[in-house]
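**Q** Starting from these lines, generate the structure:
(chains A and B)
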2 protein chains.
Amino acid sequence: MRIHELPTPALCVDIDALRRNIERMARWFDDRPSSLRPHLKAHKTPAIARLQAEAGCSGFTCATVREAEVMADHGFDDLLVANEVLDPAKLRRLSELSDRAHVTLAVDSAYGAALLRDVEVDVLVDVNVGLPRCGVPVEGVVDVARAVSDAGRRVVGVMGYEGHAMAMPDPAARAETARDSMGQLLEAADRLRADGFEVEVVSAGGTGTYDVTGAIEGVTEVQAGSYALMDTAYARYGLPFEEALRCLTTVLSVQGQIAVLDGGLKALATDHGDPELPGGTPAVVFFLSDEHTTLATSEGFDRRPGDRMWLRPSHVDPTVNLHEVLYAISDDEVVDTWPVAARGYR
Amino acid sequence: MRIHELPTPALCVDIDALRRNIERMARWFDDRPSSLRPHLKAHKTPAIARLQAEAGCSGFTCATVREAEVMADHGFDDLLVANEVLDPAKLRRLSELSDRAHVTLAVDSAYGAALLRDVEVDVLVDVNVGLPRCGVPVEGVVDVARAVSDAGRRVVGVMGYEGHAMAMPDPAARAETARDSMGQLLEAADRLRADGFEVEVVSAGGTGTYDVTGAIEGVTEVQAGSYALMDTAYARYGLPFEEALRCLTTVLSVQGQIAVLDGGLKALATDHGDPELPGGTPAVVFFLSDEHTTLATSEGFDRRPGDRMWLRPSHVDPTVNLHEVLYAISDDEVVDTWPVAARGYR
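**A** Numbers count the residues shown, from 1 in each chain, chains lettered A, B, ... in the order given. You can find the predicted model right below:
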């Protein structure tokens, strides 16, 4: 099938750019003290995880129980659920996974630890390293770890996400903030060791900081996800990864200086800003509605109803989450259709 | 099942509030010159459409071919696709629907009209009544209608969406803008009649303007959708509809003044602003991540990890679109689970 035959809106992956991104990241870790544990939440697509595994990685990171289940269904057997899970039914589902995968779970409270009495998972203590989200402060890690032991589970290390650094466009500020966060995470690891815990895993990082976090002695793995597909937000950071993700749309209407495309809020996430047109297009994105992107056009805009146009997503994770499938493309050919199988919460 | 047993995040519908909203809107049209054609795009849920049909309506409005297909699968046989469809494969799918439903399609260009030669649909000429999106300007309607006739299809009327009025919080400004838009739409209808077309349908409106648009002589139907479930954006407008939609979350983490809930950007749309907490909660929504809502808490916040909390969605359509199912609740009981069957584009 050719690209122009796809029903639109169609979220497409340039498989050549994807492979280069995956290879580039995997090779970066070849001579580093840490390893790569790609985050599934960015793409939720087992076919892409397969490419990441082939390039080399130490297992996968998941954000939800559903993601872990789908990955186990596809034969991936080393899964970190890098998130607190407190729902008894979801904990039972995680426990059922332990027959076919080694599952590690993040815990940041004594309450969460106590729920694990019958759940066969290993545990990373989730440490707050500056991002105001989950994670216990450094001074609380020993209490959480002891509660995990009391529940009969094994603490294997710590994790901490320096997401506030990820939001900093200036590379120097981003690196300094990430280093500061990793200082806190390594202090948390030291406190656990001083209390008699064996800390095998120190897990952190993301696409914006992998080259800082992953180079720090003591950090054992990096949870990067966006690098594989990228988006306009990360593209501004000067990272060595290409935008492999793009949304194919059809021009529905052209009236005066207004043109309308057939993908909107239900096809493209806008929490990191509106999607953008490819460079050089004589038009800008004006606003999005549920099923439309309205463009304001300038001189030289020559698209007509029925023409196809690309939009560049601004935030990879919630954009992919909107689509049932990704179309893998190479030049003008659709070479594969990949289910975004790990969507949803059920 | 009780509400607290639901896996979270869980998008819930207060079925009692939903029924009151549906009944209130249906009864408003009892003594009006226009009728209600509810828009499926707000909820994409056949079970809710069934309640709307039982309360009385003149058929349904759809935004996508997929929505029309799912509605036809559920036995609904009068469907307006209020959007331009230019994709040949999707037009073939619409044509296949004509065996089991009467399908009317919006067209705003001669190009779009010419594609309908073998597609068994009736046509509304889509008129731009002020919103910079699809729709031909009033002065172009006759040309589009003639192109539809040339393709062998029947023009049955006009439609125009006064979406720019919908964005105006001041009721007087909203009403004035809606009336101005309807003036343009009725002029378009007159131009078609003067050219020999029979204009049976003049379709417009939405939840923010139904009581203005639906009361104007000559407007035959109103395409309102959000009124059934509502959201925080429409709740500010003083409309006679209740917020029936809410997202159940679990408190994952509480550290100092920060609390974290387990629903984020993949469970709640933010294009109309962040979701909000129920009134009186001593906390505010700070920011959303893919799978988390971080709250900043104030004095008196007493929730603990494992507790459930409600979030009020800010925009109904793209929020419902994120969920596989809606849980119908009444008081503390989960009384039904409704598939959001019309999601997706395939």
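
**Q** Report the contact partners of residue A:305.
**A** A:251, A:252, A:253, A:254, B:84, B:86, B:109, B:111, B:112 (C-beta atoms under 8 Å, 6 or more residues apart in numbering or on different chains). Heads up, the C-betas are built off the backbone N, CA and C, glycines and all.

**Q** Export only the CA atoms of the helix or strand residue A:260 falls within, formatted as CSV.
**A** Assignment of secondary structure by DSSP states H and E places residue A:260 within strand A:258-261. Taking Å, rounded to 0.1, in the frame of the first residue of the first chain, the C-alpha atoms of strand A:258-261 are listed here in CSV:
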residue,chain,number,x,y,z
ILE,A,258,-8.1,29.2,5.9
ALA,A,259,-7.4,25.6,5.2
VAL,A,260,-8.8,22.7,7.3
LEU,A,261,-7.2,19.2,7.9
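
**Q** Identify the residues contacting it?
**A** So strand A:258-261 is in contact with A:249-254, A:283, A:286, A:292-297, A:301, A:303, A:309, A:311, B:84, B:132-134, going by C-beta under 8 Å, 6+ apart.

**Q** near chain B, which residues of the stretch 101-250 of chain A?
**A** Contact residues of the stretch 101-250 of chain A with respect to chain B, defined by C-beta under 8 Å from any C-beta of the partner chain, are listed as A:108-109, A:111-112, A:115, A:128, A:132-137, A:163, A:250.

**Q** As JSON lines, the residues you listed with neighbour count and pLDDT would be great.
**A** Compiled in JSON lines, those are given as follows (neighbours: other C-beta atoms under 10 Å in any protein chain shown; pLDDT from 0 to 100):
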{"residue": "A:108", "neighbour count": "29", "pLDDT": "98"}
{"residue": "A:109", "neighbour count": "25", "pLDDT": "98"}
{"residue": "A:111", "neighbour count": "18", "pLDDT": "98"}
{"residue": "A:112", "neighbour count": "27", "pLDDT": "98"}
{"residue": "A:115", "neighbour count": "19", "pLDDT": "98"}
{"residue": "A:128", "neighbour count": "25", "pLDDT": "98"}
{"residue": "A:132", "neighbour count": "18", "pLDDT": "95"}
{"residue": "A:133", "neighbour count": "25", "pLDDT": "96"}
{"residue": "A:134", "neighbour count": "30", "pLDDT": "97"}
{"residue": "A:135", "neighbour count": "30", "pLDDT": "98"}
{"residue": "A:136", "neighbour count": "25", "pLDDT": "98"}
{"residue": "A:137", "neighbour count": "14", "pLDDT": "98"}
{"residue": "A:163", "neighbour count": "18", "pLDDT": "95"}
{"residue": "A:250", "neighbour count": "24", "pLDDT": "97"}
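
**Q** I'd like to know which of these are part of strands.
**A** Of those, the ones assigned to strands by DSSP state E are residue A:250.

**Q** before we move on, the earlier item: kindly point out the strands partnered with the strand holding residue A:260 and how each is oriented relative to it.
**A** strand A:245-255 (antiparallel), strand A:293-297 (antiparallel) (DSSP bridges).

**Q** Now it: buried residues?
**A** Residues A:258, A:259, A:260, A:261 are the ones in strand A:258-261 that count as buried (16 or more other C-beta atoms under 10 Å in any protein chain shown).

**Q** Would you mind checking the average pLDDT for it?
**A** Computed over strand A:258-261, the mean pLDDT rounds to 98.

**Q** Tell me how many other residues surround residue A:63.
**A** Per other C-beta atoms under 10 Å in any protein chain shown, the neighbour tally for residue A:63 reads 25.

**Q** wait, I meant residue A:332
**A** If you count neighbours by other C-beta under 10 Å, residue A:332 ends up with 9.

**Q** who's in contact with it?
**A** Contacts here follow C-beta under 8 Å, 6+ apart; on that basis residue A:332 touches A:2, A:3, A:4.

**Q** likewise residue A:19?
**A** By C-beta under 8 Å, 6+ apart, the neighbours of residue A:19 are residue A:51.

**Q** residue closest to the middle of chain A?
**A** Residue closest to the average C-alpha location in chain A (C-alpha atoms, centre = their mean): residue A:42, at 3.0 Å.

**Q** Tell me how far that one lies from residue A:34.
**A** Distance, residue A:42 to residue A:34, by C-beta to C-beta, to the nearest Å: 19 Å.

**Q** What ranges does the stretch 101-250 of chain A have for its strands?
**A** A:102-107, A:122-126, A:155-160, A:201-204, A:221-222, A:245-255 (DSSP state E, counting those that start in this stretch).

**Q** circling back: show only the entries of the residues of the stretch 101-250 of chain A next to chain B found in helices.
**A** Cross-referencing these with the helices (criterion: DSSP state H) gives A:111, A:112, A:163 as the overlap.

**Q** Tally up the residues packed near the residue nearest to residue A:119 when sequence neighbours are not counted, please.
**A** Residue nearest to residue A:119 in three dimensions, not counting chain neighbours: residue A:95, with 4.5 Å by C-beta to C-beta, 6 or more residues apart in numbering or on different chains. The burial metric for residue A:95, expressed as a neighbour count using other C-beta under 10 Å, is 15.

**Q** Tell me the secondary structure of residue A:95, please.
**A** State at residue A:95, reduced to three classes by DSSP: H, G, I helix; E, B strand; the rest coil: helix.

**Q** who are the neighbours in contact with it?
**A** Shown here is residue A:95, whose contacts under the criterion C-beta under 8 Å, 6+ apart are A:118, A:119, A:120, A:121.
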